[in-house]
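# Sequence first, then the predicted structure, then my questions.
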Amino acid sequence: MNENLPRRGFLLGAFGIAGMGYLASAAAEPSPLPPPPVPLPALPAPPVTPFNYHSPPLRPFVDELPIPETRVAAGELDAMSGTHRYHRDLPETRSWGFGQPVLGPNLEAVRDRVARIRFRNQLGEHVLAAHVDTTMHGVTEADRTDPRFTVHLHGGANSPGADGHPLIGWRNGGGPAFTYGNRQEAATLWYHDHAMGITRLNIQAGLAGMYYLRDEFDTGRDGNPLGLPSGEFEIPLIVQDRTFNADGSLQPMVATYIPQGYNQSGQLGDVCCVNGEVRGYVWHCHNLDHADHDMMQRIRVQS
């Protein structure tokens, strides 16, 4: 074994020791954390992406907010087809609603008092027939021309037979009769279609409404113990995001690269609708229902 260190080995070792010393010295010197900010120039607003559908420009707060009527939660209520204008600058288009062209009345019930309602399918052909996805569970071609329908009371503590099971639906001319026990605290609930595979389209077309459950404190009347707004000052706000085509019709798709007729797992619209109107104006408000599919909304009340 040769004990003499070769010149090459000596140099490599020396450089290695020097490097370790440098690293140790560098590591010992503190560096500022975080680094000083770098000034960035003003950047232009990003262009509208061509990969998404977009509504035409719609001026806000030019239409007065429609106020759904309040009626007793009892009797019959038809899910029907009609026409509706979502904004003054959009043409009328086909829509669905409960007893009216779009959305439904505020159904009013009282805690621990049974409410019996018969719903009936009078929808005709589907408003969004071209977007029915027949690859989804329970969906067939018949849903384009004779769509299924049922009703779910969202937030209601009801028996299974009155829950609006998505796999139990009725086509045109049929419908369920539900009994709601209302055995829960006062609340603002909402009712909507619940048919398997086409719920997203049916709600976008307009099948949704509020359900007021009252008690001895939130009576909905003047002089109620909680001092809540009542009468003309208790205004329901159903907030939904939507995208519109130039012809006034709904555009239920988000991405342009997804083939028409395929489900995209939710809707992220680019326009805020309240009570079926694009950014309408109103002076007082109280009850709010957030009936979006996936959108998060920041809501500001200004008086």
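On my side now, so go ahead.
# And stretch 269-283, what's buried?
Gly269, Asp270, Val271, Cys272, Cys273, Val274, Asn275, Gly276, Glu277, Val278, Arg279, Gly280 (16 or more other CB atoms under 10 Å). (C-beta placed from N, C-alpha, C; glycine too.)
# Provide the backbone phi and psi angles at the fifth one.
Right, Cys273. As for Cys273, its main-chain torsions (degrees, to the nearest 10) stand at phi -110, psi 140.
# ditto for the third one
Backbone geometry at Val271, expressed as degrees, to the nearest 10, gives phi -130, psi 140.
# which non-adjacent residue is nearest it?
Ser55 (4.9 Å; CB to CB, 6 or more residues apart in numbering).
# One more: the first one?
Nearest-residue entry for Gly269: Asp241, 3.5 Å, with adjacent residues in sequence omitted and distances by CB to CB, 6+ apart.
# what ranges do the helices span in the stretch 151-300 of the chain?
Along the stretch 151-300 of the chain, the stretches classed as helices by DSSP state H, counting those that start in this stretch are 199-205.
# if we can go back for a sec, is it true that the residue nearest to Gly269 touches Leu268?
Yes. Look at Asp241 against Leu268 with CB atoms under 8 Å: they come within range, at 6.7 Å.
# more crowded one of the two?
Using other CB atoms under 10 Å as the criterion, Asp241 and Leu268 rank with Asp241 on top: 19 against 15.
# Walking through the stretch 1-150 of the chain, point out its helices one by one.
7-28, 142-145.
# hmm, who's touching the shortest one?
Judged by CB atoms under 8 Å, 6 or more residues apart in numbering, the contacts made with helix 142-145 from elsewhere in the structure are Glu125, His126, Ala129, Ala130, Val132, Thr134, Arg171, Gly197, Ile198.
# List the contacts of the fourth one.
In this case it means Ala130. Arg144, Gln260, Gly261 are the contacts of Ala130 under CB under 8 Å, 6+ apart.
# Walk me through which strands the lengthiest strand in the chain pairs with, and which way each runs.
In the chain, assigned by DSSP state E, the strand with the most residues is strand 75-84. Paired neighbours of strand 75-84 in the sheet (DSSP bridges): strand 93-98 (antiparallel), strand 115-122 (parallel).
# For this structure, just list every one of the strands.
For the chain, the strands defined by DSSP E occupy 70-72, 75-84, 93-98, 106-110, 115-122, 151-154, 177-180, 187-193, 208-214, 236-242, 271-274, 277-278, 287-290.
# Taking strand 106-110 as reference, get the angle to the second one.
Computed with axes from the mean of the first three to the mean of the last three CA atoms, to 10 degrees, the direction of strand 75-84 lies at 160 degrees from that of strand 106-110.
# Kindly report the same for the fifth one.
Put simply, strand 115-122 runs at 160 degrees to strand 106-110, going by the same axes, to 10 degrees.
# Could you give the separation of strand 115-122 from the chain centroid?
Its chain's average C-alpha position is 24 Å from that of strand 115-122, according to CA atoms, centre = their mean, to the nearest Å.
# The fourth one too?
The offset between the C-alpha centroid of strand 106-110 and the centroid of the whole chain comes to 23 Å, using CA atoms, centre = their mean.
# Let me know how buried Ile203 is, in neighbour terms.
Ile203 is flanked by 20 other residues according to other CB under 10 Å.
# what's the answer for Asn224, then?
Using other CB under 10 Å, Asn224 has 17 neighbouring residues.
# Make 49 the first number, not 1, from now on.
Understood, numbering begins at 49; the last thing we discussed is Asn272.
# Can you give me the distance of it to Arg231?
From Asn272 over to Arg231 the distance is 21 Å, taken as CB to CB, to the nearest Å.
# now Thr291
From Thr291 across to Arg231, the span is 39 Å (CB to CB).
# So these two - more neighbours on which side?
Shown here are Thr291 and Arg231; by other CB under 10 Å, Thr291 has more neighbours (19 against 12).
# just checking, the more buried one touches Ser103?
Yes. Thr291 is within contact range of Ser103, at 5.3 Å (criterion: CB under 8 Å).
# So which bits of stretch 208-219 are buried?
With burial defined by 16+ other CB under 10 Å, the residues of stretch 208-219 counted as buried are Ala210, Asp211, Gly212, Pro214, Gly217, Trp218, Arg219.
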